[in-house]
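Enquirer: Sequence below, structure please.
(chains A, B and C)
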Amino acid sequence: MIPISWYLTLSAALFSIGLFGVLTRRNAIAILLGIELMLNAVNVNLAAFWRYGDVNQITGQIFAIIVFAVAAAEVAVGLALVISVYRKKNTVIAEEIDLMKW
Amino acid sequence: MNNEWLFVAFFIVIGALVPIAAISVAWLVSPKKSNPIKQSTYECGIETVGESWVQFKAQYYIFALVFLVFDVETVFLFPWAVKIGQLGLFAVVEGIIFIGILIAGLVYTWRKGMLEWS
Amino acid sequence: MMSFSDFTTILPLVVLTAWACVLLLVDLLIPRNRKGITALFSALGLALTLGLTIAQLGRQGSGFNDMVVLDGFSVFVNALLLVSGLLGVALAYGYVKRMGLERGEYYTLLLFSVAGMMLMAQAADLIVVFLALELLSIPLYILAAFARPKVESEEAGLKYFLLGAFSAGFVVYGIALVYGATGTTALSGIVAAIPSSSTLMLTIGAALILVGLGFKIAAVPFHMWTPDVYQGAPSAVTAFMAAGAKVAGFSALLRIFATAFPSLGSSMSDVLWALAALTMIVGNLIAISQSDIKRLLAYSSIAHAGYILMAFVPFGNPDVRAVSVAAGLFYLVSYAITNFGAWGVVIALEKAEGRGLALDDYAGLGRKYPALAAAMTIFMLSLIGLPPTLGLVGKFYLFRAVIAGGYVGLAVIGVLTSLISAYYYLRVVVIMYMREGEPTTTSEPYLNMTTAFAALVTVIVSLVPAPLFAWASSAVLKLF
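Expert: Sure, this is the predicted structure:
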C-alpha cells in the first residue's frame, strides 16, 4: 500500500497552493477558488487518516462530508456577496473594490 | 508492486494509442475537399450570433446558488436512506426534521420569488 | 444509540433554532412596513431560550455520543450570548428602520448566529466546533453586508467573508491534523490519546487551530480585517459582532486548549504570551490615531482581545488556570456589556449616509445631552479600566490571575497599554465636555433602554462584583 505520507504531502501541497492563491490573486472569485482548494486539501487528509487509522471509526468520512456541505453553504453566501458587489461596481477585482484600506 | 504499476502504464499507453490511431486513420483515408461551410465552427443547433463572451442574467446565478445548496444537502440523506430500516424510529424522525428544514428553506426561496424566471 | 434525552442537553439551542426557522417563514406573512413585529418575535425567542438556559443551571450532562456537553461553563457562556443577542436586537430595532434597511431576515440571521455561538459553547467534539464556527460566521457575513446597496457595507461583508472562510480553512486543516495524530475528534478522546501520538503533528494542528480562531477573535497579527469590517458594517451589527463573535471564539479556544491540549501548555504558553502582548500593544497604539468612532472602537476591540487572551496564557498550569479562566470569563462579560453601551451611544449619534461618526461630531454632547454623555463617559472609563466601572474589576481579576501564574511581564504590559488607551478614550470624553458643538441625536425607546441598562450594569456590578465572579469561578470548575 502507498505510505500515508504521500497523501499528507499531496494534501499539504494542495493547501499551500490554495493559500498561495488566496494571498496573491486579486480577483475575488479566484480568492474563493483558493479557499475551496484549502478546504478540499483537508478532505484529502481526512480520508487518508480514516483509511490508515481505525477503519471502523468513520469519523474521518463523516467529517469530510460535513466539511464540503458547509463549504457549499459558505460559497453560496460568498458568491451572492460577490454578485451583489459586482452589480454595484462592475468589478470583482479585490483591489478595485477597496474603498477602505485593506 | 511492479505488476500493479505495469498495469497502469499499459493502460496509459493503450489509452493514448487508440485515439491517435483513430485520428490518423481518419486523416489518411478521408478525401480532402474543403469549402467554407466545412471550415466553420461546428455547433449543434443554430449559428451563434454576436460574441459568446456575454454576461449571463443574474437570475441564473441565483438559481445556481439555490441549486448548489439543496444539491449538497442531499448527501446527508443518502446514508440515512440506505440504512433507514436498521436505524429505528428516532433516526427516521431526525431525517424527517432534516427534510422539514430543507423544505422550510425551499418555501422561503419560493415565497421570495426566487424560483420565478422574470 | 441516541435518544430523546440527548435533546435535553441542548434544549435551549434546539428551541432557538426551531424558533429561527419558523420565524423565517412567519416573517414572509408580515407586511414590509411592520418588520418590528419580527424583531419582537425574535426577542421573545431569545428571552424564552434565556429562561431555558437559566433553568439548566447546575446540571451536567453530555449528549449525541459526547458530541455536545452541558456544564456550568456552557450555561454561563450561553446566558451571556443570549443577553448579547437581546441587546443586539434592541440596538437594531430602531436603527434598521431609520437607516432604511429594515428587512425581517436581519433578526432571523441574528438568531441563527446566536445559535451557532451557543453550539460553540457546548461543543465537545472538534467536528461540532467547526460546524458551530460556520453557523455563527455565515449569518454574520450576510449581516455585515446588510446595508446594501451601500458600498462600504457590501465590501465589509465580502472582506469579512473572504477572511472568515480563509481562517476556517486553517481551523479545519488543524482539526484534521489533530484527528490524524490522535485518531479521534472528541475532546475527551484527544486527551486520552495524546501520550501515544505524534507530538509534531499535534502541535502543528493546535497551532493552525489557534491561527484560525485568532482571525475570529481579531488577535494581532490576524486583525487586518477588523477595522474595515467594523466600520463598514451597520453599527448595530458591529456591536453584536464585537461582543458575540468574541465570546464564542474565546469559549472555543478555552474548550479546545484547556480541555484537550493541557499537555501542550508549556510550548503554547509562550506563543499565547506573544499573541496577547502583541495584540494589546498594536491595538492600543493604532487606536490613538483614529478619528472615526467606529474605527476607534474596532481597534479598542482588538486591544481587548489581547487582554482576554492574557487569561489563557497559564492554561497549562493546573494551579492557576481555573482562576485565570474565570477571570477571563468575567472580563468577557464586562467587555460585552460595555461594548453594547458604547455602540448604543454611537448609534444614537449616527445619521444616514455615515455622518455623525467622526469624533468631532461628539463635541458639545456633554452640555446638550448630559445623560448620553454621562453614559459614554462610563463606557470609556470601563474600557480603560478606571473606577467606578466593571472594566476596572475585570482588569483587576485578570492581572491578579496572570501575576499569580508567574507572568508579571505580561501584566506590566497590560497595565502600560491600559495607560496608553486612557489617552484616546479620555479624548472622547474631553471632546464631549470641553468642546463647543451642536450635536443631534436620535432618541428611540429600545436604544435608550439598552444604553441605560449597560451603564447601570457597568456601575452596579462593579460595586458588588463578587457574585458574578463566584458564578464564573464555579462555571469553570468542572472544565478541567
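
Enquirer: Does residue A:84 belong to a helix, a strand or coil?
Expert: Three-state assignment for residue A:84 (DSSP: H, G, I helix; E, B strand; the rest coil): helix.

Enquirer: quick one: it and residue C:148 touch, right?
Expert: Yes: contact criterion C-beta atoms under 8 Å: residue A:84 and residue C:148 qualify, at 5.8 Å. Placement of C-beta: from N, CA and C, glycine included.

Enquirer: Name the nearest residue to residue C:95, ignoring sequence neighbours.
Expert: Of all residues not flanking residue C:95 in the chain, residue C:236 sits nearest, at 4.5 Å (C-beta to C-beta, 6 or more residues apart in numbering or on different chains).

Enquirer: can you tell me which residues contact that neighbour?
Expert: C:88, C:91, C:92, C:95, C:96, C:343, C:347 (C-beta atoms under 8 Å, 6 or more residues apart in numbering or on different chains).

Enquirer: I'd like the distance between it and residue C:135.
Expert: 20 Å (C-beta to C-beta, to the nearest Å).

Enquirer: Mutual contacts of residue A:84 and residue C:148, please.
Expert: residue C:154.

Enquirer: follow-up on the earlier one: which helix or which strand is home to the residue nearest to residue C:95?
Expert: helix C:235-240 (DSSP states H and E).

Enquirer: got a pLDDT number for the spatially most central residue of chain A?
Expert: Nearest to the geometric centre of chain A sits residue A:36, at 2.2 Å (C-alpha atoms, centre = their mean). We have a pLDDT of 93 for residue A:36.

Enquirer: burial of residue A:62, as a residue count?
Expert: 16 (other C-beta atoms under 10 Å in any protein chain shown).

Enquirer: for residue B:19, same thing?
Expert: There are 9 residues near residue B:19, going by other C-beta under 10 Å.

Enquirer: same thing with residue C:299?
Expert: 25.

Enquirer: My read is that residue C:325 contacts residue C:255, right?
Expert: No: using C-beta under 8 Å, residue C:325 is not in contact with residue C:255, being 10.6 Å away.

Enquirer: Now do the shared contacts for those two.
Expert: With C-beta under 8 Å, 6+ apart as the test, residue C:325 and residue C:255 both reach residue C:479.

Enquirer: Taking chain A, what residue is nearest to chain C?
Expert: Closest residue of chain A to chain C, C-beta to the nearest C-beta: residue A:38 (3.7 Å).

Enquirer: Hmm, residue C:174 and that residue touching each other?
Expert: No: contact criterion C-beta under 8 Å: residue A:38 and residue C:174 do not qualify, at 11.6 Å.

Enquirer: ok, then the element right after the lowest-mean-pLDDT helix or strand in chain C?
Expert: Least confident element among the helices and strands of chain C, by mean pLDDT, DSSP states H and E: helix C:5-9 (a mean of 84). Next helix or strand after helix C:5-9 toward the C-terminus (DSSP H and E): helix C:11-26.

Enquirer: Is chain B within reach of that following helix?
Expert: Yes: using C-beta under 8 Å from any C-beta of the partner chain, helix C:11-26 reaches chain B at C:21, C:22, C:24, C:25.

Enquirer: does chain A sit close to stretch C:256-275?
Expert: No: using C-beta under 8 Å from any C-beta, stretch C:256-275 never reaches chain A; the gap is at least 14.9 Å.

Enquirer: before we move on, what SS does residue C:129 have?
Expert: helix.

Enquirer: mind checking how far it is from chain B?
Expert: From residue C:129 across to chain B, the span is 19 Å (C-beta to the nearest C-beta, to the nearest Å).

Enquirer: Near that residue, how many other residues are there?
Expert: 24.

Enquirer: Please report the distance of residue C:180 from chain A.
Expert: Distance from residue C:180 to chain A, by C-beta to the nearest C-beta: 4 Å.

Enquirer: Contact partners for that residue?
Expert: With C-beta under 8 Å, 6+ apart, residue C:180 has these contacts: A:8, A:45, A:48, A:49, A:53, C:201, C:205.

Enquirer: Three-state assignment for the last one, please.
Expert: Classification of residue C:205 into helix, strand or coil gives helix, according to three-state DSSP.

Enquirer: OK, contacts around it?
Expert: C:173, C:174, C:175, C:176, C:177, C:178, C:180, C:181.

Enquirer: Kindly recompute the last result at 6 Å.
Expert: C:174, C:177, C:178 (C-beta atoms under 6 Å, 6 or more residues apart in numbering or on different chains).
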